[in-house]
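sequence? don't have it. structure:
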């Protein structure tokens, strides 16, 4: 696949903008129909999608099958959201013509789509966060046109899915140009896309380096636009003492699974495990080390990522005070990542920012604290994270409220007695976190509220009914929840 | 009042951050109590506030009295919002431990405050958008600490209001440091405030130059933060032909009032009036010119603004093709703004970006179009605006749907058969608009939803009930609207 030229990018964005002018008027029901058709067309590709995505991403077919289910599930969840319809946050303040000292006009408000959205496919989710992934699904659901820049690691997979989207658009009688699809290995392709004047928002999942570069570019435009970049995390996990005492081995098994899942290539992989230095932590480390030695080196998503992993793994391991606890015993082939467990004392962790950096792959660092106060210091020292996890027995959790409050200030999701991997796609999910985990802590890239990234409110004052959209009509023809003078109602 | 030094700014922000750690746990009811007490303390200042604000802003006392009502009204509206409580968008997805292939954990989400918010007082609303104005009220309502940088044009007014806030904090038994108040004529004061690491968001109302500078600074921080800058607008108003034919004189009187209201110093002042060049438009211009000649030069907010107004007025009037239609006949004293009406043909307007710039003061430009197509071209040529207005008889409005759609893409509020001045503080208000009207089209600075600027979602996964906030408890003790598995309910 050839890199899109700036002329090609201009053409695809202009067409998407023209198509948006039609798509913005499409009803929720018709957009839901489109999303359902996309899901069906993706399923209709059949085994070819599974084998292609598995071959391009080096992920096992079973994982890809699961990811396809997640992808079509997301599309159908947004379809349900559109069919229900209340997501537009319709609000009506009725007129009070006799109010003193001035009459109150009729004022109505709802959310409308922004325009053309640029989506950057992620390498680690060739289906669920790529061509028809969560970003595309939520942007199309909002009524925006979408241009996907396929991730160079899986161009054939992206092409198969792009064709499915075009088929769905055709059978839904919507302009094909609502969806555009471009390729690019050069950073210039993404740059030209983000700088195009008709692009109104950007969604990205990937490295801090990549996400921050797009954020800076977007803010330097003549008209700045929002960038929703999810840039990863070390997902700190705090192990409280009694839990470690009671179930060190079980916890070790559970976390070994989370650390090595998908070759450790999840943005929610628990990268830093914090505990108080005692014999229970030693026991946990021993069991976890055993699991890591027995784990198999997994082929990574692409060669560049395998190289980066090995490089970062060595940099981290070579830091002052870092002890290598375990690596997988099986020998690794080229392109495979070697699961690795290290440890360090909190005093070193607190001093050394390099130890706070994400290592993307099956790598974890145990931070040994001398006492509870030092554990809280570690929490205080962390930058923005997608998640934080606490492992504890109930009684000790209740005496660590302050630790939870510290973590709430920096993360998007706090998990108790679970693992951070496995991000549920649902109404209450928030997959975000403060900078540098994301560029905008107010929005989520997973779950229903992801749609809110691509909309803005519009207010209609003193409009004749004939000119109001269905969502704001008298009699509530769509039967949605609306605020009427501040009171939620379906009236 | 002396400019705050960087050491003083650091101290006030650090104290506000410490106070935030207490304030974030304050219940909605207690925050409502605080807001109501602030309103009472402002009222308790009595006449001194009115005379001081009037003297410092050169605005008539009647206007200041009205603005005080708006200010206390805003505080009480946010108090009601907090008492009702549903604004936190609580959402609960219940666990499904038996779900296949993986169990679904219990996931709950709600909005929490960001931290310390920096508010820049606006010159044109010495009460309603200054020390205890809409930005402060919404930020305190969210549970954020607030540092106000008083506008240098009304320091005494700001000081009186700041003292009222401190009194209210004291009587509400909350830390005084939740609210900080600094002065600064130098741009360095605002710069140091925005760059302080503990500041988490910025609210600003003022010039494009000022707002954009803060936006750029905030994005260049090591940890970027959101800036909600409302930077004004030319608020285009489109006059359709039949309406002009039927009521040229009435419309002229109505718009003369809106243009000259408060010396034209409103961000929603209608600055550009667009019509089709015919005898009805001539009649409208004649009547409007008459009103402008009869209007009185008004003392402007401060000397710098009077100077700017006169400068911009002359720059605009000197542009190619611009005709001076009318100025106030009464002679103006120093510091007063001379109401001025100009006109230009659309062909010139379309060519000359200077004619698209806001002139802050009682100035308006009539754009004469040869035909309807040219009127639509003018609409297409506009950059982001707070508002757009259409004046038309019902039949002609229905045949101008496309014009409305064009305007919807760039503005935050569309008004039909009204004036853009007079921004209603209510649930359905959106006082925003696309860049350069604001730096973030997704948020409003007026109305209940202004609170959403200062919060972000937090997600709790698998939490024991003892550790969940009241908003997410079983049995819904606060009796708020919540999403339960995607369904709105008070259960």
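Happy to help now that I have it. Everything numeric in this text was worked out from a predicted model, so none of it was measured.

name the helices or strands packed onto whatever helix or strand residue A:189 lives in?
Assigned by DSSP states H and E, residue A:189 falls within helix A:187-195. Counting contacts by 3 or more C-beta pairs under 8 Å, 6 or more residues apart in numbering or on different chains; DSSP states H and E, helix A:187-195 is packed against helix A:6-23, strand A:116-120, strand A:145-149, helix A:208-220. (Glycine included, C-beta is placed from N, CA and C.)

and chain B, which of the ones you listed is closest to it?
When the helices and strands packed on helix A:187-195 are compared by C-beta to the nearest C-beta, helix A:208-220 sits nearest chain B, at 4.6 Å.

Quick one: residues in contact with that closest one.
A:120, A:187, A:190-191, A:194-195, A:202, A:204, A:224-227, A:229-232, A:358, A:436, A:439, B:215-216, B:219, B:224 (C-beta atoms under 8 Å, 6 or more residues apart in numbering or on different chains).

rerun that using 6 Å as the cut-off
Residues outside helix A:208-220 that contact it (C-beta atoms under 6 Å, 6 or more residues apart in numbering or on different chains) are A:194, A:202, A:204, A:225, A:227, A:229, A:231, A:436, A:439, B:219.

Give the next helix or strand downstream of that helix.
Helix A:208-220 is succeeded, C-terminally, by strand A:227-230 (DSSP H and E).

any idea how far whichever helix or strand comes after that next one is from the chain center?
Downstream of strand A:227-230, the first helix or strand assigned by DSSP H and E is strand A:237-239. Centroid displacement of strand A:237-239 relative to its chain, using C-alpha atoms, centre = their mean, to the nearest Å, is 23 Å.

Please identify the pairing partners of strand A:237-239 and their relative orientation?
According to DSSP bridges, strand A:237-239 forms sheet pairs with strand A:272-276 (parallel), strand A:387-391 (parallel).

Point out where chain A drops to low pLDDT.
For chain A, no stretch has pLDDT under 70.

Counting residues, what is the longest helix that it contains?
Scanning chain A for the helix with the most residues, using DSSP state H, yields helix A:61-84.

Check which residues of the next helix or strand after that helix are buried.
The first helix or strand that comes after helix A:61-84 along the chain, using DSSP H and E, is strand A:91-93. Within strand A:91-93, the residues scored as buried using 16 or more other C-beta atoms under 10 Å in any protein chain shown are A:91-93.

Following the chain past strand A:91-93, name the next helix or strand.
Using DSSP H and E, the helix or strand that follows strand A:91-93 in sequence is strand A:107-113.

ok, of the contacts of helix A:208-220, which one's closest to residue A:73?
Proximity of the contacts of helix A:208-220 to residue A:73 was ranked by C-beta to C-beta; the top entry is residue A:204 with 22.1 Å.

which residues are contacting the helix holding residue A:189?
A:3-4, A:6, A:9, A:118, A:149, A:202, A:214, A:217-218.

again, only using 8 Å
Contacts of helix A:187-195 (C-beta under 8 Å, 6+ apart): A:3-4, A:6, A:9, A:13, A:118, A:120, A:147, A:149, A:182-184, A:199, A:202, A:213-214, A:217-218, A:221, A:225, A:227.

Could you identify the helix or strand that succeeds it?
Next along the chain after helix A:187-195, taking DSSP H and E as the criterion, comes strand A:199-205.

buried stuff in stretch A:393-410?
Neighbour-count burial for stretch A:393-410 flags A:393, A:397, A:400, A:403-404, A:406-410 (criterion: 16+ other C-beta under 10 Å).

returning to that earlier point: nearest to residue B:177, of the buried residues of strand A:91-93?
residue A:91 (35.1 Å).

Work out for me the element residue A:246 sits within.
helix A:241-260.

tell me the angle that helix makes with strand A:387-391.
Using axes from the mean of the first three to the mean of the last three C-alpha atoms, to 10 degrees, the inter-axis angle of helix A:241-260 relative to strand A:387-391 is 140 degrees.

tell me what helix A:241-260 is packed against?
Counting by 3+ C-beta pairs under 8 Å, 6+ apart, helix A:241-260 packs on strand A:272-276, helix A:279-294, strand A:363-369, strand A:387-391, helix A:394-398.

most packed of the ones you listed?
Of the helices and strands packed on helix A:241-260, the one with the most neighbours on average (mean count of other C-beta atoms under 10 Å in any protein chain shown) is strand A:387-391, at a mean of 27.

Give me the contact list for that one.
By C-beta under 8 Å, 6+ apart, strand A:387-391 touches A:233, A:235-240, A:243-244, A:251, A:268, A:270, A:379, A:382, A:397, A:400, A:403-404, A:407, A:410-420, A:433.

and residue A:415, what are its bridge partners?
residue A:389, residue B:461.

separation between the residue nearest to residue A:112 when sequence neighbours are not counted and residue A:2?
Leaving aside its chain neighbours, residue A:112 sits nearest to residue A:458 (5.0 Å; criterion: C-beta to C-beta, 6 or more residues apart in numbering or on different chains). Using C-beta to C-beta, to the nearest Å, we find residue A:458 at a distance of 40 Å from residue A:2.

higher neighbour count, the two?
Between residue A:458 and residue A:2, residue A:458 has the larger neighbour count (other C-beta atoms under 10 Å in any protein chain shown), namely 23 against 9.

Get me the contact residues on the stretch 51-200 of chain A for chain B.
Residues of the stretch 51-200 of chain A lying near chain B by C-beta under 8 Å from any C-beta of the partner chain: A:66, A:80-81, A:84, A:86, A:91-93, A:101-102, A:104-105, A:107-109, A:112, A:114-115.

bridging residues for residue A:104?
Per DSSP bridges, the residues bridged to residue A:104 are residue A:96.

now swap in residue A:148 and tell me
Taking DSSP bridges, one obtains residue A:119, residue A:181 as the residues bridged to residue A:148.

Hmm, it is touching residue A:137, no?
No: the pair residue A:148 / residue A:137 is not scored as a contact, 11.5 Å apart, by C-beta atoms under 8 Å.

and the buried residues of strand A:91-93 as JSON lines, adding distance to residue A:305?
What follows is the buried residues of strand A:91-93, written out as JSON lines (distance: C-beta to C-beta, whole Å):
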{"residue": "A:91", "distance to residue A:305": "46"}
{"residue": "A:92", "distance to residue A:305": "51"}
{"residue": "A:93", "distance to residue A:305": "52"}
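
Looking at the residues you listed, which is nearest residue A:42?
Among the buried residues of strand A:91-93, and counting by C-beta to C-beta, the member closest to residue A:42 is residue A:91, at 35.7 Å.

and the closest one, how far is that from residue B:446?
Distance, residue A:91 to residue B:446, using C-beta to C-beta: 14 Å.
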